[in-house]
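Novice: sequence first, predicted model second:
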Protein chains: 2
Amino acid sequence: MILEIQRQTNYSLQPIHQRVSVTFRYQVHFTKGLFQLDNPLLARVMTASENSPKQAIAIVDAGLVSQHQDLIAQLSTYARRYNHAFQLAAVKVVAGGEATKNDPQAIEQIQQLIHQTGLCRHSYVLAIGGGAVLDMAGYAAATAHRGIRLIRVPTTVLAQNDSGVGVKNGINAFGKKNFLGTFAPPYAVLNDCDFLYSLDDRDWRSGIAEAIKVALIKDASFFDAIASSVPALVRRDMDAMQQLIYRCAQLHLEHIANSGDPFEMGSSRPLDFGHWAAHKLEQLTDYSLRHGEAVAIGIALDSTYSYLLGLLSRGEWQQILDLLEALGFALYVPQMRQDRLFQGLTEFREHLGGELTLMLLQALGQGIEVHEVDPLLYGEAIAILADRSRE
Amino acid sequence: MILEIQRQTNYSLQPIHQRVSVTFRYQVHFTKGLFQLDNPLLARVMTASENSPKQAIAIVDAGLVSQHQDLIAQLSTYARRYNHAFQLAAVKVVAGGEATKNDPQAIEQIQQLIHQTGLCRHSYVLAIGGGAVLDMAGYAAATAHRGIRLIRVPTTVLAQNDSGVGVKNGINAFGKKNFLGTFAPPYAVLNDCDFLYSLDDRDWRSGIAEAIKVALIKDASFFDAIASSVPALVRRDMDAMQQLIYRCAQLHLEHIANSGDPFEMGSSRPLDFGHWAAHKLEQLTDYSLRHGEAVAIGIALDSTYSYLLGLLSRGEWQQILDLLEALGFALYVPQMRQDRLFQGLTEFREHLGGELTLMLLQALGQGIEVHEVDPLLYGEAIAILADRSRE
């Protein structure tokens, strides 16, 4: 057999070193009145890469529909007006919140809808809702045809500034948060601040925790900015919230683009500061804690632990707890006393892989990674938060 | 609120342009006696990135176990010998062939096993078997914890030179081949030629079709090399097969690395030459055609169509059919007469996305893409192959 390669015994066939580089690009837009007829953004995004009209299906958060009862009619009207850009093949309303990530059938139903409507890989799944709906619909889109284009329309503070702009999707399985999912950058993200007016106070507040998190590990001036805008945020000033969301999204996106490990193949995951306890507490409270509320507790816990370890000054530690409380976050729930909380550390390690790597704080805006924890000291941190909650 | 960004109205918040680059690296090794105690390759691969012992589970093709009844014992002995490198937490035998890709429970059972054994993201799923088992186990691994490391041990000609070295996984759903799956490069691929001795003649031959395919679109000298080695391949000469597998794997890997579109975001998929009919015929024959056998028919069909279109010379077209027949491939099945065959074109377009893009041939080693097909001319091509099969 005549080949360029030499005739060799089997053992001496040289290994082939494969290197595959992939670049994903997407835009995060900020708008209002996304589905109003005079707003061409969505139609423009859909036809940005090809001129022919595209197929789309919409997956909509039931919680959102209950607040915006005309939403689906509005979307259909919009689709008719922009039918040169896209056809809306189906609209499906799904349960909002963690319920949708805990239901294995939800994924299957969307995959089936993609099959039935004959969507091609260059068609769109338009996911409209809170982070949980985006995570679930994103997982379905990422696996059908090995990845249909996903346009995310995050409708909560949390989704607009964190999960909705990132590169992950997922659902819960076997009692483990985000056990199943993929890394799959979206095709585009469309943040519409009008959706935030209808959030209840808990959801308005909840997403702010992720902004505090990213400020604490990345940007002290952002932390100060949030602290100065507490009164505006508490009285639900939309401009203050927009500024917060923009900067928070920016910091998350910068980290993903420049960390060198966007698909988290290493053991380090700085953006998960405060999240090991948060994820476990969501589960231990049967998801009565919302994600951001649990993150606020996780931040308080890991900040207190950082202080007790001597990493963080007493003054800065107090500033963190004060800010969280000023915004109205509770920093303690009884479930923190359960030994099972520390299973969260094991699950966190498994989920990241390799050596346990925990982000702590050494200053406002400055994280530091540790690879060991002292459960007794964590117990002390919990006791401090419990005491403080009784004051 | 004091932020670096200017105070703006909502509409004027500038979009954020996100760019995420990810680089995957993996090695494709060629060895023999992979699980023999004097072969340290597998243990070395497992500890290449970290020194501490790793967890692994093995997913093994039942068809392989029936041919190598001591395989699992051998693997366990190997794991005990190399316990400084890895611990074998579980071994699961799964059905081989398309059955495993048609069974939605197969995926779930592996995901559950990953949960039960507490594998972390840096642990290994060791998938051992034919392409279908690698595809299915790869999909399970790619989604658990958003991607556990996958080591593929392809044990057929087809898997060693094509699917097993690439970046895709998948299962069939809703009657559509590979409807669900992801793009997820493996951690490593270990090709052991010893497994090829026990293949039946159909599986020995079947994988050669993928080598002919990649030769036809990429490398005329490889096509000639295969043609000259027909006698050796027919008498099952392992050295000739190794050369073929190596060059075929190399061409597939080069394409993935250098095409500029490894995750197939465009509409072009040259490596799927001959595959639109192949995928549909597998389904129309209830998978009694093996993948490579179906690909041989697909190649014959699209080559004949290329000839009838005037793209390919009569002499080169004949060389292609002659080579396929000399290797023992049948080039016609009655299911080709069914109108449903052409549904395969629609499904192919949906699966790739965007405009229909079909690879045809203009010469040996030179593909050409077209965006339209003439069903009548395809009918003629099928009639020619039917006639030829009666001779």
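Specialist: Alright, I've got the coordinates.

Novice: tell me the phi and psi of the residue in the stretch 251-391 of chain A positioned nearest to chain B?
Specialist: Ranking the residues of the stretch 251-391 of chain A by distance to chain B (Cβ to the nearest Cβ) places A:G353 first, at 2.8 Å. In this view, the C-beta of every residue, glycine as well, is placed from N, C-alpha and C. Backbone geometry at A:G353, expressed as degrees, to the nearest 10, gives phi 100, psi 150.

Novice: residues near it, how many?
Specialist: Here the count is done by other Cβ atoms under 10 Å in any protein chain shown, and A:G353 has 22 residues near it.

Novice: what is the longest strand of chain A by residue count?
Specialist: In chain A, assigned by DSSP state E, the strand with the most residues is strand A:16-31.

Novice: what residues of that one count as buried?
Specialist: Under the neighbour-count criterion of 16 or more other Cβ atoms under 10 Å in any protein chain shown, strand A:16-31 has A:16, A:18, A:20, A:22, A:24, A:26, A:28-31 buried.

Novice: kindly report the same for stretch A:78-97.
Specialist: Under 16+ other Cβ under 10 Å, the buried positions of stretch A:78-97 are A:78-79, A:82, A:85-89, A:91, A:93-97.

Novice: what is the nearest of those to chain B?
Specialist: A:A89 (12.4 Å).

Novice: I'd assumed A:L119 was in contact with that closest one.
Specialist: Yes: A:A89 is within contact range of A:L119, at 6.9 Å (criterion: Cβ atoms under 8 Å).

Novice: any shared contact partners between the two?
Specialist: A:55-57 (Cβ atoms under 8 Å, 6 or more residues apart in numbering or on different chains).

Novice: any idea how far B:S163 is from A:M359?
Specialist: 39 Å (Cβ to Cβ, to the nearest Å).

Novice: could you list the domains of chain A?
Specialist: For chain A, automatic domain parsing gives the domain ranges A:27-199, A:206-390.

Novice: okay, buried residues for the longest helix seen in chain A please.
Specialist: The longest helix of chain A (DSSP state H) is helix A:238-258. Residues A:240-253, A:255-257 are the ones in helix A:238-258 that count as buried (16+ other Cβ under 10 Å).

Novice: quick one: it to strand B:16-31, angle?
Specialist: 30 degrees (axes from the mean of the first three to the mean of the last three Cα atoms, to 10 degrees).

Novice: for helix A:238-258, name the packing helices and strands.
Specialist: strand A:16-31, helix A:157-161, helix A:208-218, helix A:220-228, helix A:230-234, strand B:16-31 (3 or more Cβ pairs under 8 Å, 6 or more residues apart in numbering or on different chains; DSSP states H and E).

Novice: from the chain's centroid, how far away is the fifth one?
Specialist: Put plainly, it is helix A:230-234. The chain centroid and the centroid of helix A:230-234 are separated by 23 Å, computed with Cα atoms, centre = their mean, to the nearest Å.

Novice: now it: mean pLDDT?
Specialist: Mean per-residue pLDDT for helix A:230-234: 98.

Novice: which strands and helices sit next to it?
Specialist: helix A:238-258, helix A:314-326.

Novice: give the buried residues for the lowest-mean-pLDDT helix or strand in chain A.
Specialist: In chain A, the helix or strand scored least confidently by mean pLDDT, DSSP states H and E is helix A:343-352, which has a mean of 88. In terms of neighbour count (16+ other Cβ under 10 Å), helix A:343-352 has its buried residues at A:344-345, A:347-352.

Novice: for B:P154, state which of these is nearest.
Specialist: A:E350 (27.8 Å; Cβ to Cβ).

Novice: quick check: A:A90 is in a strand.
Specialist: Yes: assessed with DSSP: H, G, I helix; E, B strand; the rest coil, A:A90 lies in a strand.

Novice: quick one, what contacts it?
Specialist: A:57-58, A:113, A:116-117.

Novice: just the buried ones from those?
Specialist: For the contacts of A:A90, a burial check counting by 16+ other Cβ under 10 Å picks out A:57-58, A:113.

Novice: before we move on, back to that, out of the shared contacts of A:A89 and A:L119, who's nearest chain B?
Specialist: A:Q55 (9.7 Å).

Novice: that closest one: how many residues sit nearby?
Specialist: Residues near A:Q55, counting by other Cβ under 10 Å, number 20.

Novice: is it in a bridge, and if so with what?
Specialist: The bridge-partner assignment for A:Q55, based on DSSP bridges, gives A:Q87.

Novice: dump the residue contacts of it.
Specialist: Counting by Cβ under 8 Å, 6+ apart, A:Q55 touches A:86-87, A:89, A:117-120, A:123-124.

Novice: present the helices and strands packed on helix A:230-234 as CSV; the columns should include mean pLDDT.
Specialist: Shown next, in CSV, are the helices and strands packed on helix A:230-234 (pLDDT from 0 to 100):
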stretch, mean pLDDT
helix A:238-258, 97
helix A:314-326, 98
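
Novice: coming back round to it: the residue of the stretch 251-391 of chain A closest to chain B contacts B:I114, doesn't it?
Specialist: No: A:G353 is not in contact with B:I114 according to Cβ under 8 Å; the separation is 12.0 Å.

Novice: overlap in contacts of the two?
Specialist: Contact criterion Cβ under 8 Å, 6+ apart; residues shared by A:G353 and B:I114: B:145, B:148.

Novice: host element of A:L385?
Specialist: A:L385 is part of helix A:375-390, with elements assigned from DSSP states H and E.

Novice: which strands and helices lie in contact with that helix?
Specialist: If you count contacts as 3+ Cβ pairs under 8 Å, 6+ apart, helix A:375-390 packs onto helix A:291-308.

Novice: and A:Y332, how many neighbours does it have?
Specialist: Neighbours of A:Y332 (other Cβ under 10 Å): 19.

Novice: that one: what secondary structure?
Specialist: coil.

Novice: quick one: pLDDT of it?
Specialist: 98.

Novice: residue contacts, it?
Specialist: Neighbours of A:Y332 in contact, by Cβ under 8 Å, 6+ apart: A:297, A:300, A:382, A:385-386, A:388-389.
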